[in-house]
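Visitor: Dropping a prediction and its sequence here:
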Amino acid sequence: MAKKTTYTEGPVGKANLKDLVRVPDFLPAPEEIARRMDKTKITITLTADSIAFFKEQAEAHDLQYQLLIRHILDEYVTHHRQKEKGKRHSRELN
């Protein structure tokens, strides 16, 4: 049989509402978390090896493999856009 726990320190009974402190909201708004972006459905042919890889990675991280592929493509585009923006900026300075 489990031994009963007896607490000896701390307040006893219900908390006094006057003693409670409101914690400010620190979470971002939903629209800041889930970016709504226009999406276009396409048909694409990928190698069986690539699909197997993405499916394995998606399963390991509890994601959908199509979502994983989309995020990778989005990161690729973002990276190269920033790279091009940097090149244009340095050309404008010269």
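Guide: Yep, it's here. Numbering: from 1, shown residues only.
Visitor: Show me the shaky parts of this protein.
Guide: Residue ranges of the chain with pLDDT under 70: 1, 7-17, 20, 30-36, 94.
Visitor: check which helix or strand covers Leu67.
Guide: helix 65-93 (DSSP states H and E).
Visitor: Tell me the buried residues in that helix?
Guide: 65, 68-69 (16 or more other C-beta atoms under 10 Å). Every residue, glycine included, has its C-beta placed from N, CA and C.
Visitor: Likewise for stretch 52-59?
Guide: 54, 58.
Visitor: Name the residues that touch it?
Guide: 63-65, 67-69 (C-beta atoms under 8 Å, 6 or more residues apart in numbering).
Visitor: what about 10 Å?
Guide: Here stretch 52-59 makes contact (C-beta atoms under 10 Å, 6 or more residues apart in numbering) with 46-47, 63-69, 72.
Visitor: now swap in stretch 65-72 and tell me
Guide: The contact list for stretch 65-72 (C-beta under 10 Å, 6+ apart) reads 37, 39, 44, 46, 50-59, 61, 63-64.
Visitor: CA atoms only for that stretch - export them in CSV, please.
Guide: Provided in CSV are the C-alpha atoms of stretch 65-72 (Å, rounded to 0.1, in the frame of the first residue of the first chain):
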residue,chain,number,x,y,z
TYR,A,65,6.5,14.1,-46.2
GLN,A,66,4.9,16.6,-48.7
LEU,A,67,5.1,19.3,-46.0
LEU,A,68,8.7,18.5,-45.4
ILE,A,69,9.5,18.8,-49.2
ARG,A,70,7.5,22.1,-49.3
HIS,A,71,9.5,23.6,-46.4
ILE,A,72,12.8,22.6,-47.9
